[in-house]
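Participant: pasting the sequence and the predicted model now:
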Amino acid sequence: DSIIKIFKSLAYLNIFIIVLALLLVFQKEYEEAINIYIRTNMIILFNLSIFYKSRGYDIVRGFYTLKFPSSFVSTSYFTLKMIDSLTSDFKSIKNTLKARGFCAKTNMFTYNTFGNILGMLFVKSIKKSQKLKDSFEARGFNKQIYLNDEFQTTKRDYILASLIFIVVVLKVIL
C-alpha cells in the first residue's frame, strides 16, 4: 500500500523534474537532461522510501542523537512544530470551505479566497512565532531542547541486526 503511494508521490514530483529536463533539452544538453532526470528521480525515490511515514520528529531525534548543535536541533524541532500547526490550520480552513459549499474554479473569487487564506496563514504564523519567542524568553530558554534518549534494545532489535549482518556478509562473500 505504501509503495503505491510512494510512486504516486514520485509521479507527481516528476512534473517538476520533467520541466527542468525539458529546459536542458531546449538548450541542446541532452546527456545532462537525462542525467539530471535519472539522478533526481533516484534521490527523491530514496528519500520518499525512507521518510514516507515520518512526521519529521524522528529526524529531529536523529539530529539530537548524532550530537548536532543544540541550536540546530531546537530550530528544526520548532520549525516542524510550526509546519504541523499551520498544516492543521489550513486543513481546518479547507474543511470549513467545503462545509460552506465552496468549489474552486478559475475565477477571481477563487483567487481572492485562496489569497485571503494564505494571507491569514502568514499573519497567523507570525503571531504564533512571536508568542513562542516571548514564551521562551520568559522561561529563560537557552537554545536547547531536551529529548528522552533512553532507548531500550529488545530481543527483536537483536534479531533484526543479526539478519541484516547475515545478509551483508552473504552479499560480500557471493
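Facilitator: Happy to help now that I have it. Numbering: from 1, shown residues only.
Participant: which is the next helix or strand following the longest helix along the chain?
Facilitator: In the chain, taking DSSP state H as the definition, the longest helix is helix 108-139. Per DSSP states H and E, the first helix or strand lying C-terminal to helix 108-139 is helix 155-173.
Participant: return the alpha-carbon coordinates of that following helix using CSV.
Facilitator: Extracted in CSV, the C-alpha atoms of helix 155-173 (Å, rounded to 0.1, in the frame of the first residue of the first chain):
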residue,chain,number,x,y,z
LYS,A,155,15.2,-9.1,21.5
ARG,A,156,13.5,-8.1,18.3
ASP,A,157,16.2,-5.5,17.6
TYR,A,158,19.0,-8.0,18.1
ILE,A,159,17.3,-10.5,15.7
LEU,A,160,16.9,-7.8,13.1
ALA,A,161,20.5,-6.6,13.4
SER,A,162,21.7,-10.3,13.2
LEU,A,163,19.6,-10.8,10.0
ILE,A,164,21.0,-7.6,8.4
PHE,A,165,24.5,-8.7,9.3
ILE,A,166,24.0,-12.1,7.7
VAL,A,167,22.6,-10.6,4.5
VAL,A,168,25.6,-8.2,4.3
VAL,A,169,28.1,-11.0,4.9
LEU,A,170,26.4,-13.2,2.3
LYS,A,171,26.4,-10.4,-0.3
VAL,A,172,30.1,-9.7,0.3
ILE,A,173,31.1,-13.4,0.0
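Participant: state the mean pLDDT of that helix.
Facilitator: Averaged across helix 155-173, the pLDDT comes to 89.
Participant: packing partners of that helix?
Facilitator: Contact partners of helix 155-173 among helices and strands, from 3 or more Cβ pairs under 8 Å, 6 or more residues apart in numbering; DSSP states H and E: none. Glycine gets a C-beta too; all of them are placed from N, C-alpha and C.
Participant: now do that helix: everything it contacts.
Facilitator: Counting by Cβ atoms under 8 Å, 6 or more residues apart in numbering, helix 155-173 makes contact with no residue outside itself.
Participant: listing request: residues of this protein with sub-threshold pLDDT.
Facilitator: 1, 148-151 (pLDDT under 70).
Participant: for this protein, which residue occupies the most central location?
Facilitator: Gly56 (6.4 Å; Cα atoms, centre = their mean).
Participant: ok, back up a step: buried residues in the longest helix of the chain, which are they?
Facilitator: Buried residues in helix 108-139, counting neighbours by 16 or more other Cβ atoms under 10 Å, are found at Ile117.
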